[in-house]
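Colleague: any chance you can model this:
(one chain, ligands or ions: 1)
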Amino acid sequence: MRLGIISDIHGNAVALQEVLIALEDAGVDEIICLGDVVGYGPHPGLCSEIVRGSCSLVIAGNHDRALGDIEVQGWFNPVADSALEWTRERLDDEDLEWLLALPSEVPHAEGPLCCHGAPGAPDDYVLTARDARDALLASACGIILCGHTHRPMACDINGRRQCTWLHWCDGDVVPLEKGHRYLFNPGSVGQPRDNDSRAAYMVIDLARQEASLHRIRYEVGATQRAMRSAGLPEELAKRLATGV
Ligand code: ZN
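Modeller: Numbers count the residues shown, from 1 in each chain. The predicted model follows:
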């Protein structure tokens, strides 16, 4: 069984389509999405439709939840807030209902715990090794998968509760060792924030017991043009070119 893991698509269908082609080439059996299908980007309806048709499990991100929860939206900065208003107006009832019904945390049948932010705290950011350690110690799962930060991350914890930050760049393969537990973030498909503009995703190969991170180029200019003609905030279009 090979699982493709994607997160934080943010309405960027150009990046999403490139990633899905790559995952098909990688021969994955299932694709899991860790949330934020929409928000920021110019293709919310198309991304909702594609994710609904391609993923076996989809978790709610804070931008997805904010569509129906004014309290969540209240935490957004003005740019995220105006993009969310734009997004809400463009989603049809079917897409909106689907996004609002997404679960916030689900253990996948093959074991990994899938969430958006941190387990039990969907709006929290797992950014440091200490955050990862706290999340791993609060759970009994062998693998925790989370998104939300838009930065790829891999940490493991051994039986002595020592947490290690693992090298996790394009092409890196992490062997899943017995007696260890792991937290992975696949990075963002549609709005990376780790100074790399390429879309990010990961693959877990359960037969080989290994996880790998991948980056892929997409036509950033096509998404930027769509954002500008939609009148979305310019800084959202600009940041895609640098991945900040
Ligand atoms: Zn996000």
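
Colleague: low-scoring stretches of the protein, by residue?
Modeller: Applying pLDDT under 70 to the chain flags no residue at all.

Colleague: around the ion, which positions in this protein sit nearby?
Modeller: Residues of the chain found near the ion (Cβ under 5 Å from the ion) are 8, 36. C-betas here are computed from N, CA, C, even on glycine.

Colleague: where exactly do the strands run in the chain?
Modeller: 2-6, 30-33, 57-58, 105-107, 113-115, 143-145, 153-157, 163-165, 173-175, 181-185, 199-205, 210-216 (DSSP state E).

Colleague: got JSON lines for the ones you listed, with mean neighbour count and distance to G68 too?
Modeller: What follows is those, written out as JSON lines (neighbours: other Cβ atoms under 10 Å; distance: least, Cβ to Cβ, whole Å):
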{"stretch": "strand 2-6", "mean neighbour count": "25", "distance to G68": "22"}
{"stretch": "strand 30-33", "mean neighbour count": "23", "distance to G68": "18"}
{"stretch": "strand 57-58", "mean neighbour count": "22", "distance to G68": "15"}
{"stretch": "strand 105-107", "mean neighbour count": "17", "distance to G68": "17"}
{"stretch": "strand 113-115", "mean neighbour count": "25", "distance to G68": "19"}
{"stretch": "strand 143-145", "mean neighbour count": "25", "distance to G68": "24"}
{"stretch": "strand 153-157", "mean neighbour count": "22", "distance to G68": "29"}
{"stretch": "strand 163-165", "mean neighbour count": "15", "distance to G68": "36"}
{"stretch": "strand 173-175", "mean neighbour count": "14", "distance to G68": "36"}
{"stretch": "strand 181-185", "mean neighbour count": "25", "distance to G68": "25"}
{"stretch": "strand 199-205", "mean neighbour count": "25", "distance to G68": "27"}
{"stretch": "strand 210-216", "mean neighbour count": "20", "distance to G68": "32"}
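
Colleague: which one of the ones you listed lies closest to D95?
Modeller: D95 lies closest, by Cβ to Cβ, to one member of those: strand 57-58, at 12.2 Å.

Colleague: other SSEs contacting that closest one?
Modeller: strand 30-33 (3 or more Cβ pairs under 8 Å, 6 or more residues apart in numbering; DSSP states H and E).

Colleague: walk me through which strands the strand it packs on pairs with, and which way each runs.
Modeller: Sheet pairing here is set by DSSP bridges, and for strand 30-33 it gives strand 2-6 (parallel), strand 57-58 (parallel).

Colleague: what residues are up against F76?
Modeller: 66, 84 (Cβ atoms under 8 Å, 6 or more residues apart in numbering).

Colleague: circling back to that earlier point, need the strands of the chain in TSV with distance to A132, can you?
Modeller: Putting the strands of the chain into TSV (distance: least, Cβ to Cβ, whole Å) gives the following:
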stretch	distance to A132
strand 2-6	16
strand 30-33	19
strand 57-58	22
strand 105-107	16
strand 113-115	13
strand 143-145	8
strand 153-157	4
strand 163-165	6
strand 173-175	13
strand 181-185	5
strand 199-205	15
strand 210-216	14
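
Colleague: verify the stated contact: P233 with E85.
Modeller: No - look at P233 against E85 with Cβ atoms under 8 Å: they stay out of range, at 11.1 Å.
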